[in-house]
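Colleague: pasting a predicted model and its sequence here:
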Amino acid sequence: MKVPTVGESISEVTLVKWTKKDGDYVERDEVVCELESEKATFELNAEEAGSLILVAKEGDTLKIGDVACKIDTGAARPAGKAAPAPAAAAPAAAPQVQQAPVTAIPNDIKATPVAAAVIADKHVDPSTIKGTGAHGKIVKDDVFAALQNPGVAIGQEMFTRGERREKMSNLRKTVSRRLVEAKNTTAMLTTFNEVDMTKIMELRAKYKDVFKKQHEVNLGFMSFFTKACCFALQEFPSVNAYIDGDELVYHDYCDISIAVSAPKGLVVPVIRNAESLDMAGIEKEVLSLATKARDNKLTLPEMTGGTFTITNGGVFGSLMSTPIINIPQSAILGMHKIQERPMAVNGQVVIRPMMYIALSYDHRIIDGRESVSFLVRVKEMLESPEQLLFGKDPLKALLKL
């Protein structure tokens, strides 16, 4: 069995791990190993039933077309192992979108998607974390609390001076190269603003239960931000464009890339035509893509072609940051932690849930006026969610202003 072609620009992959041992009897289409390219992780399935003969080792870098393993089709099927039933006899199961667990967490330990992402990112042993959520479910605050005591939470002895070396994965090398390229080839600046999240939080608290019952998906913050960005991108098209040689390429659609921290590194799956989706449609796409990312099931088409990126460092506790552009795109929006702060409202000091937002942009194509106006537009729509219905103030829409 040879390494298959996985993309026009990909010439080599890394054999991450064997899911079967040398000499195991495998059935046709059974997964035998996981391969990782510079863009995604994918599985290699057995081409025929037989005894598996390993050729490559875990960690080996293989060229496209190299032999990964062999299958002895003449090997006798082990006693007691029945042949698989014909495909027609198996009932077709309808695909289901679920809150998928991260691969690093055992089935008997439950965690929210955000908590699972932090556990995978920080390499925390989930069995050492006491969940405070419903039915003992681990929430993100439980993980952060466990990280305050690293000697226990991470399963390492205190005051050790050990170190280890690991080969950098193709995915991590690609991320590193693209980040440096973004720094060296763009005139990147960042502008900041802050959003009063009061109305959105009230709206979510009021409708989250009926929304989940109606659409079978949670109402999160990402749908609000995605919807606001889509309207703002259509109002300021240069933020949704990129430079190609001596030309500017503008898009009449919004393919929104969502930065996701997966177990093997940062991936950026894309929500296609997000401007045409409603809130439930966006939430379902976010859940589906995040689930695939954390299970290493994303395909190359699902991670290419975005026109604008949103990243949420707030799930990890970030209060403010300067996100880096996802080239060849020209801008990226950074969401951050919601924190209560004293604000001056109508001459009175009140406590409001506030979030800093940041827009990093390529100054070669986006002027300061456009970048600031774009971010202000996003802020206005988030602070008045009713604007997300028309993309503008409903009263101004009524008066055609």
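Modeller: On my side now, so go ahead. Predicted, not measured: the structure shown is a model, and the values here were computed from it. Numbering: from 1, shown residues only.
Colleague: how about the helices in the stretch 201-350 of the chain?
Modeller: Taking DSSP state H, counting those that start in this stretch as the test, the helices found in the stretch 201-350 of the chain are 221-235, 279-294.
Colleague: mind giving me the packing neighbours of the shortest one?
Modeller: Yep, that's helix 221-235 we're talking about. In terms of contacts (3 or more CB pairs under 8 Å, 6 or more residues apart in numbering; DSSP states H and E), helix 221-235 is packed against helix 198-215, strand 256-258, helix 279-294, strand 308-312, strand 331-335, helix 368-383. Where you see a C-beta, it was placed from the backbone N, CA and C, and this is true even at glycine.
Colleague: any chance of those in JSON lines, plus mean neighbour count, mean pLDDT and distance to residue 179?
Modeller: Output for the helices and strands packed on helix 221-235, formatted as JSON lines (neighbours: other CB atoms under 10 Å; pLDDT from 0 to 100; distance: least, CB to CB, whole Å):
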{"stretch": "helix 198-215", "mean neighbour count": "14", "mean pLDDT": "93", "distance to residue 179": "31"}
{"stretch": "strand 256-258", "mean neighbour count": "26", "mean pLDDT": "95", "distance to residue 179": "15"}
{"stretch": "helix 279-294", "mean neighbour count": "21", "mean pLDDT": "90", "distance to residue 179": "18"}
{"stretch": "strand 308-312", "mean neighbour count": "24", "mean pLDDT": "95", "distance to residue 179": "13"}
{"stretch": "strand 331-335", "mean neighbour count": "25", "mean pLDDT": "96", "distance to residue 179": "12"}
{"stretch": "helix 368-383", "mean neighbour count": "18", "mean pLDDT": "96", "distance to residue 179": "21"}
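Colleague: nearest to residue 47, out of the helices of the stretch 201-350 of the chain?
Modeller: For the helices of the stretch 201-350 of the chain, the distance to residue 47 is smallest for helix 279-294, at 24.5 Å, taking CB to CB.
Colleague: off-centre distance for that closest one?
Modeller: Taking CA atoms, centre = their mean, to the nearest Å, one finds the center of helix 279-294 at 9 Å from the center of the full chain.
Colleague: show me what that helix is in contact with.
Modeller: The contact list for helix 279-294, computed with CB atoms under 8 Å, 6 or more residues apart in numbering, reads 97-100, 102-103, 113, 116-117, 120, 211, 214-215, 217-220, 222-224, 226-227, 258, 260, 262-263, 267, 269-271, 274, 277, 297-298, 302.
Colleague: excluding residues flanking it in the chain, which one is nearest residue 68?
Modeller: residue 56 (5.0 Å; CB to CB, 6 or more residues apart in numbering).
Colleague: so that neighbour: helix, strand or coil?
Modeller: coil (DSSP: H, G, I helix; E, B strand; the rest coil).
Colleague: for residue 14, see how far away it is.
Modeller: Residue 56 is 10 Å from residue 14, where distance means CB to CB, to the nearest Å.
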